[in-house]
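*Asks:* Everything below, folded, please.
(2 chains)
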There are 2 protein chains.
Amino acid sequence: MKVWLLDNGSIVIEHTQLMWNVPGPQVRIPVYSVLVEHDEGLFLFDTGIDLDHMNRVLPFELPEQTPEQTIPAQLEACGFALGDVTTVVNSHLHIDHVGGNQLFKGTSARHVLHAKELAQARNHEPFEFFGYSDKSWDYEGADLVPVTGDFELAPRLSLFETPGHTVGHYSLLVGEKLLFAFDVTYTPAALEKEIQAGFHNDPVAGVRSIRRVKAVAAEHGADIFFSHDMEAWQTYKHAPDFYEL
Amino acid sequence: MKVWLLDNGSIVIEHTQLMWNVPGPQVRIPVYSVLVEHDEGLFLFDTGIDLDHMNRVLPFELPEQTPEQTIPAQLEACGFALGDVTTVVNSHLHIDHVGGNQLFKGTSARHVLHAKELAQARNHEPFEFFGYSDKSWDYEGADLVPVTGDFELAPRLSLFETPGHTVGHYSLLVGEKLLFAFDVTYTPAALEKEIQAGFHNDPVAGVRSIRRVKAVAAEHGADIFFSHDMEAWQTYKHAPDFYEL
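*Replies:* Reported below is the predicted structural model:
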């Protein structure tokens, strides 16, 4: 099994959004996707930002994405095309995790996501407006596959429920070795201190999910990857470099 | 029925705490209590900050409270002493609403509060640490009277449940004319836009409570008083001046 981290650019958020209620300077955070080549298919987890949407609806987040940081360019760097992807999985449906979903229109890719997330994104709370503002994932003909509970996509490729940040948030365990927490917490310091992002739906559930990520990592001796920490991101292998399990 | 607003000083918070996830400059907010002289007793709603606690545990909130802004001094300005208060009611148990509770040790005042709030403050989430850090209200011998549901303290003096900011948050309707929303939202603009404070336990419930405050105000034609808006505060009558109903 090969695992690539696909660079999708970056955005800027408030420090109180990186770490709920903790003041500090604004921070530029990375946005990335995870590609897994598995015997049972080519899986893409999250699809980054759509630069046009970001510039139109959230220009204050100062989005940056070069042509090389788009999903097609990143896939190509790994030797693949859009049509090779069999399954797109969204950890959740926030703007910085769904931007490239629409690129799979016309392909045979199925889109796996949590059933609660699907319902919530289509009928969200007022405070979730910006987070769910990019609806391009809900394109006509999209092969949406809503699932619930902890879910094995394929052997050694498992989603586990970590709600709080959003109602239907999934984290990912690959080969029982790489744990992608996605947006349970944004940084190692936040995980350590159990401080979730300022963006959330249910902070009480969020605390439980932080503890679940720690427990799953400890149980398997897995390394935790953080979704939005620039310093941690610099230490990861970036596509076309890859992890092999 | 006479109603006095007792000035208890001020603190400084982040703009994203005043209005969740909305950036802006830090803001100094007022802290105040509400005193109601009723045929059935003298009721004090909330008790402001304890300056020593704030300076010791939350000095970053730059607390200000002159000797004239303490509960005893404010009561005296209205012609009362601590021993005259029959009932202290806490909208919730955050630091800026309980600081003066301990002053009633040795008096016959009972302390009315939501049962869920009592349980939560004694066993809170990690993200509620600072909010519930002042435990001086839980003094030995405190006559705590936990209640649940919408609750009529006396004729024309009613608490109604508005959870979200905290699990057991109450708002207050006096004479069906004055509606003290307390921390459902901090400012008129926040109420209008349905943006709760950055401090909260359940933001989904918080949205429902914002709408409940609007509905109750509309039903009774009541004026809404905001807990933490300096501009609105300047337009209110301050003790010893009072509202008569």
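*Asks:* for chain A, longest helix please?
*Replies:* What stands out as the longest helix in chain A, according to DSSP state H, is helix A:203-220.
*Asks:* Quick check: phi and psi at the closest residue to chain B within chain A.
*Replies:* Of all residues in chain A, residue A:16 sits closest to chain B, at 4.2 Å by C-beta to the nearest C-beta. All C-beta atoms are positioned from the backbone trio N, CA, C, and that covers glycine. Phi and psi for residue A:16, reported as degrees, to the nearest 10, are phi -70, psi -10.
*Asks:* From residue A:128, how far out is it?
*Replies:* According to C-beta to C-beta, to the nearest Å, residue A:16 and residue A:128 sit 17 Å apart.
*Asks:* try residue A:191
*Replies:* Taken as C-beta to C-beta, the span from residue A:191 to residue A:128 is 23 Å.
*Asks:* can you check residue A:33 too?
*Replies:* With C-beta to C-beta as the criterion, residue A:33 and residue A:128 are 22 Å apart.
*Asks:* How about residue A:102?
*Replies:* Applying C-beta to C-beta to residue A:102 and residue A:128 gives a distance of 20 Å.
*Asks:* got a pLDDT number for residue A:194?
*Replies:* We have a pLDDT of 97 for residue A:194.
*Asks:* Same question for residue A:123.
*Replies:* In this prediction residue A:123 is given a pLDDT of 98.
*Asks:* State the number of residues packed around it.
*Replies:* Residues near residue A:123, counting by other C-beta atoms under 10 Å in any protein chain shown, number 9.
*Asks:* mind listing what it touches?
*Replies:* By C-beta atoms under 8 Å, 6 or more residues apart in numbering or on different chains, the contact set of residue A:123 is empty.
*Asks:* Kindly report the same for residue A:185.
*Replies:* Contacts of residue A:185 by C-beta under 8 Å, 6+ apart are A:191, A:194, A:195, A:196, A:197, A:210, A:213, A:226.
*Asks:* What about the residue of chain A closest to chain B, how many residues nearby?
*Replies:* 22.
*Asks:* any idea how far it lies from residue A:110?
*Replies:* From residue A:16 across to residue A:110, the span is 37 Å (C-beta to C-beta).
*Asks:* which strand residues sit across from the closest residue to residue A:144 other than its chain neighbours in the sheet?
*Replies:* Spatial nearest neighbour of residue A:144, chain neighbours left out: residue A:111 (5.1 Å); criterion: C-beta to C-beta, 6 or more residues apart in numbering or on different chains. Per DSSP bridges, the residues bridged to residue A:111 are residue A:88, residue A:144.
*Asks:* related to what we said a few turns ago, the more surrounded of residue A:33 and residue A:128?
*Replies:* residue A:33 (24 against 21).
*Asks:* Now name the helix or strand holding that one.
*Replies:* Taking DSSP states H and E as the criterion, residue A:33 maps to strand A:27-38.
*Asks:* In contact with the residue nearest to residue A:172 when sequence neighbours are not counted, which residues?
*Replies:* Leaving aside its chain neighbours, residue A:172 sits nearest to residue A:180 (4.3 Å; criterion: C-beta to C-beta, 6+ apart). By C-beta under 8 Å, 6+ apart, the contact set of residue A:180 is A:34, A:45, A:91, A:171, A:172, A:173, A:174, A:225, A:227.
*Asks:* Give me the contact list for stretch A:58-78.
*Replies:* A:4, A:6-13, A:28, A:31, A:33, A:35, A:44, A:47-49, A:51, A:54-55, A:81-82, A:84-85, A:95, A:100, A:103, A:130, A:133, A:239-240, A:242.
*Asks:* What subset of these is buried?
*Replies:* Neighbour-count burial (16 or more other C-beta atoms under 10 Å in any protein chain shown) is assigned, among those, to A:4, A:6-11, A:13, A:31, A:33, A:35, A:44, A:47-49, A:51, A:54, A:82, A:84-85, A:95, A:100, A:103, A:133, A:239, A:242.
*Asks:* what about the closest residue to residue A:214 other than its chain neighbours, distance to residue A:175?
*Replies:* Excluding the flanking residues, the one nearest residue A:214 by C-beta to C-beta, 6+ apart is residue A:191, at 7.0 Å. Per C-beta to C-beta, residue A:191 is found 21 Å from residue A:175.
*Asks:* ditto for residue A:4
*Replies:* From residue A:4 to residue A:175 the distance is 14 Å (C-beta to C-beta).
*Asks:* cool, residue A:203 as well?
*Replies:* Distance from residue A:203 to residue A:175, counting by C-beta to C-beta: 31 Å.
*Asks:* Residue A:15 now?
*Replies:* From residue A:15 to residue A:175 the distance is 34 Å (C-beta to C-beta).
*Asks:* Now do the contacts for residue A:22.
*Replies:* Counting by C-beta under 8 Å, 6+ apart, residue A:22 has contacts A:15, A:16, A:195.
*Asks:* Please name the nearest non-neighbouring residue to the second one.
*Replies:* Nearest non-adjacent residue to residue A:16, counting by C-beta to C-beta, 6+ apart: residue B:16, 4.2 Å away.
*Asks:* For that neighbour, give me its contacts.
*Replies:* Each residue near residue B:16 by C-beta under 8 Å, 6+ apart is listed here: A:14, A:16, A:17, A:21, A:198, B:22, B:23, B:24, B:198.
*Asks:* Tell me which stretches of chain A form helices.
*Replies:* Along chain A, counting by DSSP H, helices occupy A:15-18, A:51-57, A:71-77, A:95-98, A:115-122, A:188-193, A:203-220, A:230-235.
*Asks:* mind listing what the closest residue in space to residue A:176 that isn't next to it in sequence touches?
*Replies:* Leaving aside its sequence neighbours, residue A:176 sits nearest to residue A:220 (C-beta to C-beta, 6+ apart; 4.4 Å). By C-beta under 8 Å, 6+ apart, the residues touching residue A:220 are A:173, A:176, A:177, A:179.
*Asks:* tell me the contacts of the third one?
*Replies:* In other words, residue A:177. Per C-beta under 8 Å, 6+ apart, neighbours of residue A:177: A:220, A:221, A:222, A:223, A:245.
*Asks:* got it, and the first one?
*Replies:* Neighbour list for residue A:173: A:157, A:158, A:160, A:179, A:180, A:216, A:220, A:222 [criterion: C-beta under 8 Å, 6+ apart].
*Asks:* what does chain A have sitting close to chain B?
*Replies:* Within chain A, the positions lying close to chain B (C-beta under 8 Å from any C-beta of the partner chain) are A:14, A:16-17, A:20-21, A:23, A:125-127, A:194-196, A:198-204, A:207.
*Asks:* now those: which count as buried?
*Replies:* Buried residues within the residues of chain A next to chain B, defined by neighbour count using 16+ other C-beta under 10 Å: A:14, A:16-17, A:20-21, A:125, A:127, A:195-196, A:198-203, A:207.
*Asks:* Please identify the most buried of the helices of chain A.
*Replies:* Of these, the one with the most neighbours on average (mean count of other C-beta atoms under 10 Å in any protein chain shown) is helix A:95-98, at a mean of 28.
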